[in-house]
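**Q** What shape does this take:
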Amino acid sequence: MSSHDKGFWVFGYGSLMWNPEFTYDARLPATLTGFARSFCMWSLHHRGSPEVPGLVLALDAEAGASCRGLAYHVDEAEAEETLARLRERELVTSAYQEMTVPLDLDDGRRVDSLAYVVDRDHVQYTGPLSLERQAEVIAVACGGRGPNCDYLFNTALHLAELGMEDRDLDQLADLVRLRLAQ
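**A** Sure thing, here's the model as predicted:
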């Protein structure tokens, strides 16, 4: 990955961590500052429907916040196809904004990375929701990519496996499991 590399980095903080669906030549733990991982976007396609919306994670701008996740490097040969696939997956509606952000890799480098950030002015932006309200939604919603709870459970599990504790996600997963057991 020379300075003349025409590939790109992309930051995964939710399902991209456990189901990237693209070829990459490097994968490193990373931190994005100034954003929080949050279930703050209604899902009308992948994890919910217009009739029963689900919730998906988004990066929400927040002063002093940081988000741990995975940075993937896509080499030049795969760049065009991968970018098209990412846009097809992430930009189903205009609720996400595709942005280039400075990302701190765990190996000490800072790179420019593609990230999908929630548009707070979009109708799918929920604003802050209590963990109880999130659990209520996630326990029942289902979309084209399956049950909303699977999305939550897979993300929480993958973060734990990577040693990237997210207490809110763990607590939310426990609340959803309680709802599903009723």
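**Q** My reading is that residue 57 lies in a strand. Confirm?
**A** Yes - secondary structure assignment (DSSP: H, G, I helix; E, B strand; the rest coil) places residue 57 inside a strand.
**Q** hang on, isn't residue 179 packed against residue 134?
**A** No - look at residue 179 against residue 134 with C-beta atoms under 8 Å: they stay out of range, at 10.7 Å. For glycine as for every other residue, the C-beta is placed from the backbone atoms N, C-alpha and C.
**Q** More neighbours: those two, which one.
**A** Using other C-beta atoms under 10 Å, the more surrounded residue of residue 179 and residue 134 is residue 134, with 24 against 15.
**Q** just checking, that one touches residue 54?
**A** No - when contacts are counted by C-beta under 8 Å, residue 134 is not listed as touching residue 54 (10.2 Å).
**Q** Now do the nearest residue to residue 74 once chain neighbours are set aside: how many residues are near it, please.
**A** Of all residues not flanking residue 74 in the chain, residue 82 sits nearest, at 4.7 Å (C-beta to C-beta, 6 or more residues apart in numbering). Residues near residue 82, counting by other C-beta under 10 Å, number 22.
**Q** Work out for me the element residue 82 sits within.
**A** In the assignment (DSSP states H and E), residue 82 maps to helix 76-90.
**Q** now that helix: mean pLDDT?
**A** Mean pLDDT, helix 76-90: 88.
**Q** do the same with stretch 146-157
**A** Mean predicted confidence for stretch 146-157 is 96.
**Q** Pull the helix holding residue 82 out as PDB, backbone CA atoms only.
**A** C-alpha atoms of helix 76-90 as PDB (Å, rounded to 0.1, in the frame of the first residue of the first chain):
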ATOM      1  CA  GLU A  76      -6.900  -0.600  -6.700                       C
ATOM      2  CA  ALA A  77      -8.000  -3.700  -8.800                       C
ATOM      3  CA  GLU A  78     -11.100  -4.100  -6.600                       C
ATOM      4  CA  ALA A  79     -11.800  -0.500  -5.900                       C
ATOM      5  CA  GLU A  80     -14.400   0.400  -8.500                       C
ATOM      6  CA  GLU A  81     -16.500  -2.800  -8.100                       C
ATOM      7  CA  THR A  82     -16.300  -2.600  -4.300                       C
ATOM      8  CA  LEU A  83     -17.400   1.000  -4.200                       C
ATOM      9  CA  ALA A  84     -20.400   0.200  -6.400                       C
ATOM     10  CA  ARG A  85     -21.300  -2.700  -4.100                       C
ATOM     11  CA  LEU A  86     -20.900  -0.700  -1.000                       C
ATOM     12  CA  ARG A  87     -23.100   2.100  -2.400                       C
ATOM     13  CA  GLU A  88     -25.800  -0.400  -3.500                       C
ATOM     14  CA  ARG A  89     -25.800  -1.900   0.000                       C
ATOM     15  CA  GLU A  90     -25.400   1.200   2.200                       C
END
